[in-house]
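Give me coordinates for this.
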Amino acid sequence: MNKIFSRSAIRAVVPAWLAARLVVGCTMVLVHVFAPEERAEFVRQRFQSWDAGWYRSLLVNGYDLGVAEGFRFFPGYVLLGRAVHMFLPGDAQWSLLLVSNGASLLMLFLLYQLVMRENMGRHLAGRTVWLLAFFPTGFVLVWGYAESLFLVFVIAGFLALQKKHWWGTAALFFAAGLTRPTGVLVVFSVVISLLNAGRRGPWLAKLAALLGAPLGVSAYLWWAYASTGQPWLPVTAQRSLRGGFVDPFSRLGHGFGDLWDKNPEAFHLVTALFFLLLLAVVVKKMPLVYGAYAGPVLLVALAAENINSLERYAMSAFPLLVALAFLMEGRRLQRVIPAVSLAGLVCLTAAASLGIYVP
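Okay, the predicted model is just below:
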């Protein structure tokens with residue numbers, strides 16, 4: 001624990017965490033002041049915009065059997081928010097924001113420690129922390145979203161996996177699966193770690209590590225089925241918004257069509273191609289377990305008819321941020337990448353606050 005909160009980690013993490021909140025907060029204030037009248041109602045939602053409003057509703061009212069769409073939100077973040085709300089007076093929104101922002105701080109400390117344990121150096125660890133804090137969709141780490149808590153469980157799970165603490169891995173990945181459905185995708189990294197470990201170690205603990213994330217996802221799916229009588233309701237509810245699964249390469253081909261037609265959706269094609277470039281860097285520069293997680297996360301995000309939230313989903317593939325930090329080793333990109341990231345954070349925060357961009 002002392003290593004996680006070392007002096008070098010504090011110097012890297014705390015300024016990044018505070019600065020990101022300052023940027024997001026100032027952007028939201030400016031949007032509130034200068035927003036056109038037709039966007040005023042959406043702007044007034046502030047931290048409860050988009051999915052954050054759903055999480056608040058679930059905390060206050062629980063899952064409504066008559067509103068299927070609410071079941072697409074996995075309960076890990078809601079349950080922790082409800083526990084905090086028992087001791088924190090006031091609106092439920094503040095409990096969720098406390099969880100989200102507290103988890104964001106812990107997430108950055110864990111990420112710094114993970115990069116250090118992979119012997120990538122303090123400079124790369126510090127750059128990675130700043131890049132995640134200022135990722136263009138990083139405003140959801142400030143709003144009432146589940147991403148920061150999910151990344152705490154995932155990154156901590158990788159730290160446990162690195163040390164071959166199988167039971168700890170199982171518990172953390174179970175929590176990740178209970179928080180977001182993409183948590184199940186860590187199973188590929190666990191398989192690789194188990195193969196590398198060979199026959200050494202307790203088989204029961206290894207089995208628990210392998211099944212942790214799938215059991216977390218399955219626990220919620222089973223509860224939703226028991227409550228509603230509708231099998232796979234969280235999956236079908238999500239499909240109604242994002243569409244069914246499609247071949248990701250075909251989806252990219254459609255994106256080129258959008259680019260040719262000057263469709264605004266072509267923006268997601270550009271980011272998708274950039275994420276694929278970062279994935280190639282992950283495969284080349286990092287141990288295989290990280291590519292085995294980042295690759296499936298990116299492919300699943302691309303395998304949807306609607307990829308409006310691609311950038312937020314890709315942020316959950318944290319090895320991509322480490323890859324971005326590797327790219328900054330080149331002199332030309334040392335200033336370009338932070339500047340583009342900051343501009344992206346400001347623009348997407350403003351666009352999401354105005355109801356233009358779907359996070």
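
where exactly do the helices run in the stretch 51-200 of the chain?
Listed in chain order, the helices of the stretch 51-200 of the chain (DSSP state H, counting those that start in this stretch) span 51-61, 76-85, 92-117, 122-133, 147-162, 166-179, 187-197.

Hey, what's the angle from the second one to helix 92-117? Just curious.
Right, the one you point to is helix 76-85. 120 degrees (axes from the mean of the first three to the mean of the last three CA atoms, to 10 degrees).

low-confidence ranges in the stretch 101-250 of the chain?
The stretch 101-250 of the chain contains residues with pLDDT under 70 at 241-245, 247-250.

For residue 159, see how far away residue 3 is.
To residue 159, residue 3 is 10 Å away according to CB to CB, to the nearest Å. Just so you know, the C-beta spots here come from the backbone N, C-alpha and C atoms, and that holds for glycine as well.

which residues do these two both contact?
Common contacts of residue 3 and residue 159 (CB atoms under 8 Å, 6 or more residues apart in numbering): residue 113.

which one of these two has more residues nearby?
Each of residue 3 and residue 159 has its neighbours counted (other CB atoms under 10 Å); residue 159 has more, 19 against 11.

Was I right to think that one contacts residue 110?
Yes: using CB atoms under 8 Å, residue 159 makes contact with residue 110 at a distance of 6.5 Å.

So residue 307, which state does it fall into?
With DSSP: H, G, I helix; E, B strand; the rest coil as the basis, residue 307 sits in coil.

Skipping adjacent residues, who's closest to it in space?
In space, and not counting its chain neighbours, residue 307 is closest to residue 268: 5.0 Å by CB to CB, 6 or more residues apart in numbering.

so after the helix or strand where the one you found lies, what's the next helix or strand?
Take DSSP states H and E as the rule and residue 268 turns out to sit in helix 266-285. Note on helix 266-285: by DSSP H and E, the next helix or strand toward the C-terminus is helix 288-302.

Now residue 42, what are its backbone angles?
phi -70, psi -40 (degrees, to the nearest 10).

ok, it touching residue 356?
No: using CB under 8 Å, residue 42 is not in contact with residue 356, being 9.0 Å away.

what about the two, which has more around it?
For the pair residue 42 and residue 356, the greater number of neighbours falls to residue 42 (17 against 12), based on other CB under 10 Å.

The helix ranked longest in the chain: which residues count as buried?
Across the chain, the longest stretch assigned as helix under DSSP state H is helix 7-34. Using 16 or more other CB atoms under 10 Å as the test for burial, helix 7-34 gives 9, 12-13, 16-17, 20-21, 23-24, 27-28, 31.

Could you list every helix and strand that that helix packs against?
Other elements packing on helix 7-34 under the criterion 3 or more CB pairs under 8 Å, 6 or more residues apart in numbering; DSSP states H and E are helix 92-117, helix 122-133, helix 333-353.

what's the distance between the most centrally placed residue in the chain and residue 165?
Nearest residue to the geometric centre of the chain (CA atoms, centre = their mean): residue 316, 3.1 Å. Using CB to CB, residue 316 is found at 22 Å from residue 165.

now swap in residue 310 and tell me
From residue 310 over to residue 165 the distance is 33 Å, taken as CB to CB.

Show me which of the two is the more surrounded one.
residue 310 (22 against 16).

Quick check: the more buried one touching residue 302?
Yes: look at residue 310 against residue 302 with CB under 8 Å: they come within range, at 7.1 Å.
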